[in-house]
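Using only what follows, build the 3D model:
(one chain, ligands or ions: 2)
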Amino acid sequence: MSGKRIFSGVQPSGNLTIGNYLGAIQQFVRLQEDGEEAFYCVVDLHAVTVPQNPEELREKTVEVAALYMACGLNPKKSTLFVQSHVPAHAELGWLLQCVARIGELNRMTQYKEKGGGKDTVNVGLYTYPVLMAADILLYQATHVPVGEDQKQHLELTRDIAERFNKQFGELFTLPEPMIGEVGARIMALDEPQKKMSKSAKNEMSRIILLDSPEMILKKIKRAVTDTENEIRYDPVRKPGISNLLSIYSLFSGESIDALERKYAGVQYGPFKNDLAEVITDSLSEIQRRYRELSREEVIASLQEGAEKASEVAEQTLRKARELFGFLPKTNQLLSEKL
Ligand code: AMP
Ligand code: TRP
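Ligands and ions are numbered 1, 2, ... in the order given. Predicted coordinates for the structure are as follows:
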């Protein structure tokens, strides 16, 4: 343990992919095992920035929490909870909207990629990064493990926190992003120039954590490579094979160098068969634990998690309200020292 405070979140907006696992959740588990104090959230308020079916959203929320647990997060060690169960997120989100600037939000690339700018896009999609800042700052997180795509949002979080601290008084800890070297950006199997995403149209573009061994093999066999038949890591010239090597390395723990040596002179076919087996081995363990969990157990853990999270979040929110100058609801005195 090193006195870090960890916060991260995953949206319940689809089926978790091996991109989510290798880019984020695997790091969450490692930090937990290092004994760090950690909060892992299912960010349902973020998920509704794009249309959701209410029944499915509820199911996915439980599923993501169950997968967190199946991947190795232990609710006794880390705080696992649902964002909408802690109303402080929405409230601080509003307050920070009054600190963030339009110019800053206009620069967010994820918003642009998701169709931002059109008159019909909802406002939540635009202010999404401010809510993310609120998530992190409420817990005074020192470190935020995420994939590469979230780096810009983390920079914005730091800018908002710094501005708030200058304008209203020192309150927020400035968080550091934790982005892995390999795995920070797992690419789509069908288009290795693009990030693997749980919401892309083509299901063959991703492997989800609950895929069967047959499906994993089928998807890996169809993965786009190149015509060279040489297993070498070169993300610019060989994005497909390089992505498969990263996935192989992260699941097996073997270095990319070692894999290049092991597969020197081997054709893509046998390499892909081995890779499918390596993925299947890891996922079948997660799937076994997932099947053993009951819905009741997961929901009970989330309730406990929300209580623990609320205690921390409310303290920060109370100080933020005071610094803004809001009149307390009861006649209790303002705390003497913030
Ligand atoms: P999301 O699916 O957008 O809620 O992302 C949850 C977490 O997974 C975030 O930390 C993302 O950065 C990470 N993530 C999502 N897709 C990928 C990917 N293809 N490669 C690496 N990390 C990813
Ligand atoms: N925006 C993140 C994503 O799409 C999810 C998220 C919301 C998050 N709040 C967060 C991640 C706070 C880390 C910390 O992946």
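
which residues does the residue in the stretch 201-338 of the chain positioned nearest to ligand 1 contact?
Closest to ligand 1 within the stretch 201-338 of the chain is R206: 8.1 Å, counting by Cβ to the nearest ligand atom. Using the backbone N, CA and C atoms, a C-beta is placed for each residue, glycine as well. Contacts for R206 (Cβ atoms under 8 Å, 6 or more residues apart in numbering) come out as 15, 17-19, 188-189, 196-198, 200, 219.

Excluding chain neighbours, what is closest to V266?
Nearest non-adjacent residue to V266, counting by Cβ to Cβ, 6 or more residues apart in numbering: I231, 6.4 Å away.

I figured the one you found hits Y268, correct?
Yes. Here I231 reaches Y268: they are 7.4 Å apart, a contact under Cβ atoms under 8 Å.

any shared contact partners between these two?
Counting by Cβ under 8 Å, 6+ apart, the residues touching both I231 and Y268 are I241.

what stretches of this protein score poorly on pLDDT?
1, 116, 331-338 (pLDDT under 70).

Is ligand 2 within reach of the longest helix belonging to it?
Identified as the longest helix of the chain according to DSSP state H is helix 295-324. No. Residues of helix 295-324 are not located near ligand 2 by Cβ under 6 Å from any ligand atom, the shortest gap being 12.5 Å.

which helices and strands sit right next to that helix?
strand 37-42, helix 54-70, strand 79-82, helix 88-97, helix 123-138, helix 151-168 (3 or more Cβ pairs under 8 Å, 6 or more residues apart in numbering; DSSP states H and E).

repeat that for 10 Å
On a contact count with 3 or more Cβ pairs under 10 Å, 6 or more residues apart in numbering; DSSP states H and E, helix 295-324 meets strand 5-10, strand 37-42, helix 54-70, strand 79-82, helix 88-97, helix 123-138, helix 151-168.

Now do M132 against ligand 2, distance only.
Per Cβ to the nearest ligand atom, to the nearest Å, M132 is found 4 Å from ligand 2.

Now the residue in the stretch 101-250 of the chain that ligand 1 sits nearest to: closest residue in space, sequence neighbours ignored.
Taking Cβ to the nearest ligand atom as the measure, the point where the stretch 101-250 of the chain comes nearest ligand 1 is G147, at 2.5 Å. Closest residue in space to G147, ignoring its immediate chain neighbours: G23 at 3.3 Å, by Cβ to Cβ, 6+ apart.

Hmm, K151 and that neighbour touching each other?
No. Contact criterion Cβ atoms under 10 Å: G23 and K151 do not qualify, at 11.5 Å.

Now the common contact residues for these two.
179, 184 (Cβ atoms under 10 Å, 6 or more residues apart in numbering).

neighbour count winner among the two?
Comparing G23 with K151 by other Cβ atoms under 10 Å, the one with more neighbours is G23, at 26 against 14.

check contacts around that one.
17, 145-150, 179-180, 182-186, 195-196, 250 are the contacts of G23 under Cβ under 10 Å, 6+ apart.

Drop the exposed ones from these and show what's left.
Neighbour-count burial (16 or more other Cβ atoms under 10 Å) applied to those gives 17, 145-147, 149-150, 179-180, 182-186, 195-196, 250.

and which of those is nearest T109?
Using Cβ to Cβ, D149 comes nearest to T109 of these, at 8.6 Å.

Which positions in the stretch 151-300 of the chain make contact with ligand 1?
Near ligand 1, when you scan the stretch 151-300 of the chain using Cβ under 6 Å from any ligand atom, you find 184-186, 195-196, 198.

For ligand 2, what is the nearest residue in the stretch 1-150 of the chain?
Counting by Cβ to the nearest ligand atom, the stretch 1-150 of the chain gets nearest ligand 2 through G9, at 3.5 Å.

circling back: wouldn't the residue nearest to V266 be in contact with A258 here?
No. Judged on Cβ under 10 Å, I231 makes no contact with A258 at a distance of 11.9 Å.

ok, residues contacting stretch 318-327?
Contacts for stretch 318-327 (Cβ under 10 Å, 6+ apart): 88, 91-92, 95-96, 98-99, 134, 137-138, 164-165, 167-172, 328-329, 334-335, 338.

Spell out for me the ChimeraX command that would select the buried members of the residues you listed.
To isolate the buried members of the contacts of stretch 318-327 in ChimeraX, using 16+ other Cβ under 10 Å:
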select :88,91,92,95,96,99,134,137,138,164,168,171,172
